[in-house]
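**Student:** can't give you the sequence, but here's the structure:
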DNA sequence: CTTTACATTGACGCTACGTCAAGGTGTATT
DNA sequence: AATACACCTTGACGTAGCGTCAATGTAAAG
């Protein structure tokens, strides 16, 4: 079957301008040009357009797509398998977003509490995924060795953005903790918020959360002088205060 | 909790430039400006940014988003419920795309046949969804009355793009049919492709496909002179030929 | 033979930022 | 007290991926 611009476009659900643009940037050339100068596309071009749309769906730039498709060792079937993987990932992320919107509804109705942090769950993964698509593994290999900070990051298997966020959240835990300490009430709202932020912070490195482990770690903050020093640096007694707050948060009895 | 540009940005997974841009276009203004000119954002702004990102995720333009959020009768919770609906729709579309990629793999491995039409299943829905998000119901109300063609379209509950595609596919059925007729073999590849295209064409208007109904319709093409005239116009005998092809396609015995 | 629908090549416009540049600020460390 | 360093500010220009005319030629149908 042969197609003119418009026919190909409406079949693929894109505009004819898009088809012409793809010709212009050399990403999808017509099979041949008719005697009157019309672009004519065949089976091969249809398949290539499909591939382009798959990559585009995953947020990849057209220039990048061109390079991939024009690579001499491009393997169409392998690419399709990768598309499948990525789409399944995207499905996971969508599920998170849906969970997010549902939690937000419950939050607005006052049924649950929700940290500012949590309000953006599901959005962020996408950025990471896009970066992955853009640069693949390389970025981590390349920049991962630069500094000790960053090699730490590599050790924890985080992308730069995750790492930044991890650091930021850690700081927020501290800020909230000091504010909560001033109230003096480990069962109070601020203290409980601190405990919750701390749980979120932990989730970056823990593969699964349990109340017992959380409470255990809190106790360790008091028992291990290195940790105690970290939390007590500005304000002595906060490590103990944090432990108390977490014990209440996790429902642990002393 | 109060945030500077960078803190808000990294929490939400966007760039600080994005936050500044949103200030510039008056879609998200800071709660206040610090004495040194820094933008400071609070709880309310965090929530608004979340809303913005939900709408953006659904492909809406920022200008449109601004109008919605600034509307005096904007209902946040209602919007969230709509987000949920849209996200579930998106999930459906993603499933189709995944099915598509899986089918394409099978096709490349020669296990199934696949029409050019089918190669773009799952992409198109998205365009429609975006149009819906952009113009809502209005577009159909507004343009739907213009011509008889279009009111037909409304009757069939198709968007303009679907309708175009429906027409195009109908033409393809005819083209392929005439080509197949020349081979003279209703069991041949071309004739069977025609039958398959015809099935796809039907799927636009039928809510569920069955081989029996398909075969029944094919017989009607021969029995009802109005239909026979339509198919036989260019080439007498094609209606009958199509019926034979479909009978073979559906495994119907005469 | 005319209408209608589709094709062509420019060329300019738009959105949603990315990316410098040139400078001011806040805080920690020495 | 000085310095480093990471953050902030306002321009201002650049880019991708098309949308949208404009002016003109062509194919198919009636």
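**Tutor:** Arrived safely, thanks for sending. Source: prediction; values computed, not measured. Numbering: from 1, shown residues only, chains lettered A, B, ... in the order given.
**Student:** okay, buried residues for the helix or strand where residue A:167 lies please.
**Tutor:** Per DSSP states H and E: residue A:167 is located in helix A:160-183. Neighbour counts over helix A:160-183 (16 or more other Cβ atoms under 10 Å in any protein chain shown) mark A:162-166, A:168-169, A:172-174, A:176-178, A:180-181 as buried. Just so you know, the C-beta spots here come from the backbone N, C-alpha and C atoms, and that holds for glycine as well.
**Student:** which stretches in chain A count as helices?
**Tutor:** Per DSSP state H, chain A carries helices over the ranges A:5-12, A:16-24, A:43-57, A:62-70, A:76-108, A:124-135, A:138-144, A:148-155, A:160-183, A:189-202, A:211-223, A:225-232, A:238-250.
**Student:** of the ones you listed, which is nearest residue B:78?
**Tutor:** helix A:76-108 (10.0 Å; Cβ to Cβ).
**Student:** tell me which other helices or strands that closest one touches.
**Tutor:** For helix A:76-108, the elements it packs on are helix A:43-57, helix A:124-135, helix B:43-57, helix B:76-108, judged by 3 or more Cβ pairs under 8 Å, 6 or more residues apart in numbering or on different chains; DSSP states H and E.
**Student:** which of these has the lowest mean pLDDT?
**Tutor:** With a mean of 44, helix A:124-135 has the lowest mean pLDDT of the helices and strands packed on helix A:76-108.
**Student:** thinking again about what came up before, who are the packing partners of the helix holding residue A:167?
**Tutor:** On a contact count with 3+ Cβ pairs under 8 Å, 6+ apart, helix A:160-183 meets helix A:124-135, helix A:148-155, helix A:189-202, helix A:238-250, helix B:5-12.
**Student:** that older thread, now the helices and strands packed on helix A:76-108 in CSV, with mean neighbour count and distance to residue A:82?
**Tutor:** Formatted as CSV, those follow (neighbours: other Cβ atoms under 10 Å in any protein chain shown; distance: least, Cβ to Cβ, whole Å):
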stretch, mean neighbour count, distance to residue A:82
helix A:43-57, 19, 9
helix A:124-135, 16, 10
helix B:43-57, 19, 23
helix B:76-108, 17, 10
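**Student:** which one of those helices lies nearest to residue A:6?
**Tutor:** Of these, the one closest to residue A:6 (Cβ to Cβ) turns out to be helix A:43-57, at 13.7 Å.
**Student:** what's in contact with stretch A:180-195?
**Tutor:** Residues outside stretch A:180-195 that contact it (Cβ atoms under 8 Å, 6 or more residues apart in numbering or on different chains) are A:113, A:115, A:173, A:176-177, A:179, A:235, A:237-238, A:241-242, A:244-250.
**Student:** if we can go back for a sec, for the buried residues of helix A:160-183, which one is nearest DNA strand C?
**Tutor:** residue A:174 (10.7 Å; Cβ to the nearest atom of the strand).
**Student:** now do the same for residue A:32: its pLDDT.
**Tutor:** Residue A:32 is given a pLDDT of 95.
**Student:** still on that earlier bit, between the helices and strands packed on helix A:160-183, which gets the lowest average pLDDT?
**Tutor:** Of all the helices and strands packed on helix A:160-183, helix A:148-155 carries the lowest average pLDDT, namely a mean of 37.
**Student:** next, find the distance separating the residue nearest to residue A:52 when sequence neighbours are not counted from DNA strand D.
**Tutor:** Spatial nearest neighbour of residue A:52, excluding adjacent residues (Cβ to Cβ, 6 or more residues apart in numbering or on different chains): residue A:65 at 5.7 Å. To DNA strand D, residue A:65 is 8 Å away according to Cβ to the nearest atom of the strand, to the nearest Å.
**Student:** residues in contact with residue A:65?
**Tutor:** With contacts defined as Cβ under 8 Å, 6+ apart, residue A:65 is in contact with A:27, A:52, A:55, A:56.
**Student:** the first one reaches residue A:68, doesn't it?
**Tutor:** No: the pair formed by residue A:27 and residue A:68 falls short of the contact definition of Cβ atoms under 8 Å, at 10.4 Å.
**Student:** ok, these two, which is more surrounded?
**Tutor:** Between residue A:27 and residue A:68, counted using other Cβ atoms under 10 Å in any protein chain shown, residue A:27 has the larger neighbour count: 18 against 14.
**Student:** which bits of chain A sit near DNA strand D?
**Tutor:** With Cβ under 7 Å from any atom of the strand as the criterion, chain A meets DNA strand D at residues A:14-15, A:17-18, A:21, A:25, A:34-38, A:56, A:61-63.
**Student:** and those, which are buried?
**Tutor:** Buried members of these, counted by 16+ other Cβ under 10 Å: A:14, A:18.
**Student:** and of the residues of chain A next to DNA strand D, the nearest to residue A:46?
**Tutor:** Distances from residue A:46 to the residues of chain A next to DNA strand D, taken as Cβ to Cβ, are shortest for residue A:14 (12.4 Å).
**Student:** just to revisit the earlier point, quick one: closest of the helices of chain A to DNA strand C.
**Tutor:** Going by Cβ to the nearest atom of the strand, the one of these nearest DNA strand C is helix A:5-12, 2.9 Å.
**Student:** what lies in contact with that closest one?
**Tutor:** A:3, A:15-16, A:18-20, A:38-39, A:41, A:45-46, A:49-50, A:53, B:116-117, B:120, B:123-124, B:161, B:164-165, B:168.
**Student:** quick check: angle from that helix to helix A:16-24?
**Tutor:** Helix A:5-12 and helix A:16-24 are oriented at 110 degrees to each other (axes from the mean of the first three to the mean of the last three Cα atoms, to 10 degrees).
**Student:** for helix A:5-12, buried residues please.
**Tutor:** A:5, A:7, A:8, A:9, A:10, A:11, A:12.
**Student:** what of stretch A:184-191?
**Tutor:** Of the residues in stretch A:184-191, A:185, A:186, A:190, A:191 count as buried by neighbour count, 16+ other Cβ under 10 Å.
**Student:** starting at the chain centroid, how far to it?
**Tutor:** 32 Å (Cα atoms, centre = their mean, to the nearest Å).
**Student:** so who does the closest residue to residue A:105 other than its chain neighbours touch?
**Tutor:** Excluding its sequence neighbours, the residue lying closest to residue A:105 (Cβ to Cβ, 6+ apart) is residue B:80, at 4.9 Å. Contact analysis of residue B:80 by Cβ under 8 Å, 6+ apart lists A:101, A:104, A:105, A:108, B:54.
**Student:** returning to what we had before: turn the buried residues of helix A:5-12 into TSV, including distance to residue A:86.
**Tutor:** Below are those laid out as TSV (distance: Cβ to Cβ, whole Å):
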residue	distance to residue A:86
A:5	29
A:7	29
A:8	25
A:9	25
A:10	27
A:11	24
A:12	20
